Structures are given as structure tokens and as C-alpha cells.
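Colleague: How does the following fold in three dimensions:
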Amino acid sequence: MLYDKKKNKIKLSTQNKLNQNKLSDSEKLTNLILVIDYDGTNYKGWTGIENSSSVYLNAVSGFKNIKRSDNYNANIIEKVEDSDYSFNNLTKKYETVQNCILNCLLKIHGYGENININNYKETNLKPFEFIGVSRTDKGVHAKEYVCQYISYKKLPPFNGNLKKIKLSLNRLLNKDIKVLGIFNAPFNNFNVRYHNLGKIYTYNVDLRKPSQPLERNLSWQLYDDSRFSFLLKDKSTKYETDAKGRRNGNEHKSGNIYDTSLASIFGAPESGSENESGSVSGNTNGDAGDVGDVGDVGDVGDVGDVGDVGDVGDVGDAGDAGDGAADLAIQERIENIIKKEKGNYGEDKIIHSLNIINKKNEYKSSILCDIDKIKECSKLFIGYHNFECFRGILKGTEKQRTINTFCNIHFLDIYKLKDNLYQFIIQGDRFLYHMIRIIVGTLIQVGVGILNFQDVKDALYNSKPLKVKLCAPPQGLCLKKILFPLEIEHLVNSAIFSE
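Modeller: Below you'll find the model as predicted:
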């Protein structure tokens, strides 16, 4: 592709135009639009390495794939003749959402998995096209994603019964991909990639401390990101305490919150507290162990006299015996409480269940991040800007393309989903490679004080590179909505809500 600076848009090469015209001029016997949800956790993204499943290779066996290397066909024939070879091995290695859906579509469209090598002839066009509205990265999720299946050789499966097509696909697909609806393309040359108005993405950021392992695949958990480990060493949490009851280096009247709660259950006094002279008092079992009064050995100043390690060990034995008796007493008391309380089912016994519903008694601690500052800085991105400093580096053959880096952002804001869990919402006409994740990474750096407003302005208005170009991880990102003209939007909604 070539970039026309005067018109500020991408211009297709002559060859691409010819190929596009051939496809648009060909009769589309099947032209289906699919609306799907998928969890991208276990996939390499929407698209990636060329599909190498047996059903796909059978479907394209009579057609040339211009992306293949010169020895690709020879390798396929060699592997097919090898009875011990399984195409599933190759498929699993390069699993993409696109390949999974396409393989299921080809199966219900009558393509088998046995490749006929004798029919392996090259022509210019494939018998079908499968088009996604956007290319999501590895680990990125999508809701109401729209894709298009076109066949130039076969009429729709099940005689065009959309309900049966949807049912069959959902039976074949993995459980983390779901077809929400199917409808016929509104006109012959409709293309989901070009006939949309823009997209809405969301991105979840989790500031909770510690992180929540059950939600690790749905948000960016700063607590587990080593790039932000320095925040954990500063005054970064509101309720954090250390083992001695200190908060951010200052002493507390109470001990660690976990120790405090345990002490209230067991009825035991605090142990291991330091007095002003530095001596340790540990009256853990009544009269069993005032260590400071044993044979006048407690005079810490007479270090030489205390040198008899054996004598000190004898004192320790007495303490150990006392600890054992204390453990037995606690165990007996707890067992008696359990035995007594198990038979009672009053309202006071379901308090913990009610606390779960009302979200009470939760230990709430978070990394400090100025959300108000993020909201204010987000306003800088709204409008038509050059996002050269907010895109990732292209890979492979993509590097040869000249990309239009101007995009129009219609909306960008952050709001609270629940305590210390926030969601960015961003809407625009188009987005560059890794653009949203870099914008989020930049705003989080503003929130924690690494970058300031001027850094963002310089990058956005003057194309001055950021001090730190941080790309947020993929799992927090979700393609939330594809924007279409109202007439097509009605078709999408009708397909989703039809039974």
C-alpha cells in the first residue's frame, strides 16, 4: 500500500485494486454476516499465521495462496503422505479466532478433512473469503465482533436456514467463542471492514492490592506488573500495615489487621511488643515465662554473663512447654465453640453470607493513582490528531507499508466499575497498531506521576517521543462495539435477539 500525503489516506497498489475488483465482480453465492463474542485468552489473536488445518487445505486445494512460500505445496504433499502426521499439531500451535470460526464454517459447508492431492492445482482466487472487521491481538477479547463469510462456489449451508447455521456453528466452536447472530449481507458488495463508522473499545485497569487471580485475564493488574514494582515500596496503599503494626513506616496502636482479628477470636493478648528499654516481654502463659526475671539473667547489659547458651536453652524449654499448653487450651476452646454453634441457625449465624452480598468487611487496599488527573489528561486525545507517538512498531512485511497516522477520537474517559477497578472507554473512527494500549499505558503513567500533561501534549501535538512508551498488556482490552449506519445496526440487533 502507498500513502497519499495530499489526500491523507492510504492508496491501494494497482495489483491490490485488480484483486479487489475481481472479488467484487465475482458472484457471491453465500454472503453471511456473523456477530460473535469471544474470550481471547487462549488465542493468538484474531488473525495470524496462515491457516494450516486439514479442512482449510482441502477447501483451497485447487487454488493458489500467494502468501505461501515456494516449497509450501511440496511440504503439504509430503506431510499428507506421512500417515503419522496430524494437522491438529500445526493448528494448535498457531490457533487464532479467525481460523477456529472459519474451520467450522467450512465443515458445515461440506468441505471434508481428507485432502485430494490430485486436485491440488493453482488458480488465482480462493473459493471463499473470510473477513474480520478488526484484527485483535493475542489475549484481547471482543463483544459483538462482526465478520463476513463469502463463498463463490457454494450456496449457503442448510439451504440458507440461518437458525440452523448458528446452531451448528455453536456446537462445533470452542466454548470461549459464541455466535450471537447471523444475517445476510445487506447488499452484494458490502464489506464489514470498510462499511462501518468506527469502533468502541474498553480497557480495564485493576489497582487492587493484592491482585485478584480470578480476574487476571480480564484486566491489567498493576500489582503484578514488574514495571510498577516501585509503587509497592512507596506510600502506595491506604490500609497497608507491616508485621509490627507500622503503616508506611509509622507506628500504629494496633497490630497487623490479620493479627488483630485473630487476637479477637482467640482472646489472646498481643505478643512480641517492644518496650522503651528494648527488653522483650512475652507473658504468653500466665506465670510460665517472664523471661526477664529468670535467675537475673535478664540483665541485657551483662552480655558476658549471659553467654551460657545451655542455661538459656533451659528457659526456652519451659517456654515451649507453656506454648504447648496454650495451644491445647485454644484448640479445646475452639472445638467447644464449633460444637455448640453448629446446632444454632439464628439470623446472627448467616452474617458472613450477608456480608458477601453487601460487600462488607472486605480488605480494601490499592496502589495510589490519581484518577482525576487521568480524566483531565484524557481530554487531550479527543479530536483529530497525529498518533505517530502512540502506535506500536509493525512487524514482518507490515514494515514496508506507509501508514496514515491521523485518527479521530470521538470519546475517551475512565470510570469506576467497583472499588479500585476502573474502565477506560475509547471511541474513534480508526485505531493504529497497539494505539489504545499505548494511550492507556501513557495515562496510567500520568496517574502515578511518571509523566505529566506537557509530556502528553508534546507527543500528541509536536510528535515528540514520550519519555517512556508503555504498552499496556492485552488482557484488559475488549473490542466492545462496531458502529454501523442505522439501517445496518438494526440488522445486527435483530440477528442478536432473534431466537
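Colleague: these two touch, right, L421 and K209?
Modeller: No: with contact defined as Cβ atoms under 8 Å, L421 and K209 do not form a contacting pair (12.0 Å). The way it works is simple: take the backbone N, C-alpha and C, and place the C-beta from them, glycine included.
Colleague: and whichever helix or strand I439 is part of, what does it pack onto?
Modeller: For I439, the host element (DSSP states H and E) is helix 435-448. Secondary-structure packing of helix 435-448 (3 or more Cβ pairs under 8 Å, 6 or more residues apart in numbering; DSSP states H and E): strand 198-206, helix 371-378, strand 406-418, strand 421-428, helix 453-461.
Colleague: same thing but 7 Å
Modeller: strand 198-206, helix 371-378 (3 or more Cβ pairs under 7 Å, 6 or more residues apart in numbering; DSSP states H and E).
Colleague: Tell me which of the ones you listed sits most buried.
Modeller: strand 198-206 (a mean of 21; mean count of other Cβ atoms under 10 Å).
Colleague: Paired strands for the next helix-or-strand element following that one, with orientation please.
Modeller: The helix or strand immediately downstream of strand 198-206 is strand 220-221, counting by DSSP H and E. With DSSP bridges as the test, strand 220-221 is paired with strand 198-206 (parallel).
Colleague: tell me the strands in the stretch 1-150 of the chain, going along the chain?
Modeller: Remark: strands assigned in the stretch 1-150 of the chain by DSSP state E, counting those that start in this stretch are 2-4, 9-11, 30-38, 128-132, 141-151.
Colleague: In CSV, list these along with mean neighbour count, mean pLDDT and distance to I414.
Modeller: What follows is these, written out as CSV (neighbours: other Cβ atoms under 10 Å; pLDDT from 0 to 100; distance: least, Cβ to Cβ, whole Å):
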stretch, mean neighbour count, mean pLDDT, distance to I414
strand 2-4, 12, 39, 33
strand 9-11, 12, 39, 31
strand 30-38, 21, 98, 24
strand 128-132, 19, 95, 28
strand 141-151, 22, 98, 18
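Colleague: Make JSON lines out of these and add distance to I334.
Modeller: Formatted as JSON lines, these follow (distance: least, Cβ to Cβ, whole Å):
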{"stretch": "strand 2-4", "distance to I334": "73"}
{"stretch": "strand 9-11", "distance to I334": "71"}
{"stretch": "strand 30-38", "distance to I334": "48"}
{"stretch": "strand 128-132", "distance to I334": "59"}
{"stretch": "strand 141-151", "distance to I334": "45"}
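Colleague: I351: which of those strands is closest?
Modeller: strand 141-151 (36.7 Å; Cβ to Cβ).
Colleague: CA atoms of that closest one as CSV?
Modeller: Only the C-alpha atoms of strand 141-151 are listed here, as CSV (Å, rounded to 0.1, in the frame of the first residue of the first chain):
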residue,chain,number,x,y,z
HIS,A,141,-11.4,-10.0,23.9
ALA,A,142,-14.4,-8.9,21.8
LYS,A,143,-18.1,-8.5,22.2
GLU,A,144,-20.5,-8.2,19.2
TYR,A,145,-17.5,-8.6,16.8
VAL,A,146,-18.6,-8.7,13.2
CYS,A,147,-17.1,-10.9,10.5
GLN,A,148,-18.2,-11.9,7.0
TYR,A,149,-18.1,-15.3,5.2
ILE,A,150,-18.3,-15.2,1.4
SER,A,151,-18.4,-18.3,-0.9
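Colleague: Check which helices and strands that strand sits against.
Modeller: By 3+ Cβ pairs under 7 Å, 6+ apart, strand 141-151 packs against strand 30-38, strand 128-132, strand 477-483.
Colleague: helix or strand right after it?
Modeller: Defined by DSSP H and E, the subsequent element after strand 141-151 is helix 162-172.
Colleague: which parts of the next helix or strand after that following helix are buried?
Modeller: Downstream of helix 162-172, the first helix or strand assigned by DSSP H and E is strand 177-184. Neighbour-count burial for strand 177-184 flags I177, V179, L180, G181, I182, F183 (criterion: 16 or more other Cβ atoms under 10 Å).
Colleague: Please work out how many residues are found near Q400.
Modeller: Neighbourhood size, Q400 [other Cβ atoms under 10 Å]: 8.
Colleague: before we move on, what about L29?
Modeller: By other Cβ under 10 Å, 14 other residues sit near L29.
Colleague: per-domain residue ranges of the chain.
Modeller: Domains of the chain are assigned by automatic domain parsing as 2-195, 202-233+365-483.
Colleague: D458 - nearest residue in space that isn't next to it in sequence?
Modeller: K464 (3.9 Å; Cβ to Cβ, 6 or more residues apart in numbering).
Colleague: residues near the one you found, how many?
Modeller: Around K464 there are 13 other residues, counting by other Cβ under 10 Å.
Colleague: okay, it: pLDDT?
Modeller: On pLDDT, K464 comes in at 95.
Colleague: what's the answer for G307, then?
Modeller: 44.
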